[in-house]
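S.K.: Provided below are the primary sequence and the corresponding predicted coordinates.
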Amino acid sequence: MRSPSSTTWCDQDLVGWSELPGLATLVDPTSLAALAAGPVTPDRIRIKPGLSAVLSWHTDTEHGWAALLTDPDKIDAVRRRADHVGEPLLLDRVHTREVLVAGRLDSDPGIAREIGHVRRRMRIARDCQVLAHNPGKRVVAAVGLGLTRRVVRIAARRQDHLVEVTRRWRAFGAPVLPVSTVGRRHTAVESPWWGQGDLSHAGTVDHARLAGQAVAEVHRASAGAAAADLAPLDLVDLVGILPAERDRIDWLVAEIDARTRASATGSGGQVGLLHGDLSPDQVLVNDAAAGHQIRIIDLDRATTGTAAADAGSWSAACDLIGRPDLAEAFLTGWDLPAPDLTAWQARAVVAAAIEPFRQLRHDWRALVTARLARAESLLTQENR
């Protein structure tokens, strides 16, 4: 079980960048151990320098959050929200110039109201299975058993885009699970529970090939759509936590921007629907003995653009998990022209480079640096 500590994940340079003197205390195993009876494992952290640090945690039986806050108004709002939903804070103490607060999942200040609404609407008991928790933003959980088992996604914002884009993909015949809104607040959606797991853990090359075919078919069927603006790579935090890598990061951003723009406007840059965050863990698979089938999930970042963006994202994800066979099989099924797939793959690698840091990996510096080096090698391999 990985467990960060103030002497591994966090050091004085990181504290200085965060402008939060209590950061080491927030991630210290001793501090976290006070939140629950069993061992507490931190999952993910999000930092706004000088303002806040928020992390999610779990034990064998429950999930929760912890935060270091500096804004008095936000601190008061957290306390009021916990009182309002009837979930007392597990921790509330002053640390230097910040306040350290923590609680169980149902008191998460960003989504506590939405969780309560869904629990009442769907009559969900406390023992649901939490699949993912991004504190203050969203939680995904499995509820029910057997044929009635469902996956519920609860977010701080309305999920209308997810519902609409799922409808569009299904209209093109894509193997996508239906998504329906829960209640009238539009901040939660539900889907059927399906399959044996995701493709990164339970899939085969045949599943990957089917995924490539499905994504390509949607792109072809939706050809001619207006291209959405490509969001720039936001690497401010990456430069902040690894200032020695600034020159390499600046070069990567400039090179990727130039080459992806050229790719998007080239002969293979036909615009269509994109998944927007495509990877093997976004594809569910069934038992191969029952015949290979897949279901594509998590279309919340779906957009429009050149098909190479999705293929590059998939290739980057396969590269990171050491599964080149899944990348090759996907491209076999995909079978669309790609003028410069390596640029899109490098873009996805750089975009995900900060993940080991956010996942509180004790060796995050080496892992992040390795990802930057991988992106650089992708962009320079043609000239070697």
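M.R.: Thanks, I have the structure now. Residues are numbered from 1 along each chain as shown.
S.K.: so what touches stretch 107-125?
M.R.: By C-beta atoms under 8 Å, 6 or more residues apart in numbering, the residues outside stretch 107-125 that reach it are 64-65, 77-78, 81-82, 84-85, 87-89, 105-106, 133, 135-139, 141, 143, 152, 154-156, 182-183, 185, 187-188, 190. Bear in mind the C-beta positions are built from the backbone N, C-alpha and C, glycine included.
S.K.: where does pLDDT dip in this protein?
M.R.: 1-7, 126-127, 266-269, 288-290, 338-339, 382-384 (pLDDT under 70).
S.K.: quick one: buried residues of the longest helix seen in the chain?
M.R.: The helix that spans the most residues within the chain, counting by DSSP state H, is helix 246-265. Within helix 246-265, the residues scored as buried using 16 or more other C-beta atoms under 10 Å are 249, 252, 253, 255, 256, 259, 260, 263, 264.
S.K.: the first one contacts residue 233, doesn't it?
M.R.: The reference is to residue 249. No. If you go by C-beta atoms under 8 Å, residue 249 and residue 233 don't touch, sitting 9.1 Å apart.
S.K.: overlap of the contact sets of those two?
M.R.: Common contacts of residue 249 and residue 233 (C-beta under 8 Å, 6+ apart): residue 350.
S.K.: what about the longest helix of the chain, distance to the chain center?
M.R.: For helix 246-265, the distance from its own C-alpha centre to the chain's C-alpha centre is 23 Å (C-alpha atoms, centre = their mean, to the nearest Å).
S.K.: now the element after it, going C-ward?
M.R.: Using DSSP states H and E, the helix or strand that follows helix 246-265 in sequence is strand 271-274.
S.K.: partners of the helix or strand just after that next one, with directions?
M.R.: Sequence-wise, the next helix or strand downstream of strand 271-274 (DSSP H and E) is strand 283-285. Using DSSP bridges, strand 283-285 pairs in its sheet with strand 197-198 (antiparallel), strand 294-296 (antiparallel).
S.K.: how about the last one, which residues are buried there?
M.R.: Which is strand 294-296. Under the neighbour-count criterion of 16+ other C-beta under 10 Å, strand 294-296 has 294, 295, 296 buried.
S.K.: residue contacts, the residue lying closest to the last one once chain neighbours are set aside?
M.R.: Right, the one you point to is residue 296. Leaving aside its sequence neighbours, residue 296 sits nearest to residue 176 (C-beta to C-beta, 6 or more residues apart in numbering; 5.0 Å). Residues in contact with residue 176 (C-beta under 8 Å, 6+ apart) are 166, 169, 170, 295, 296, 297, 299.
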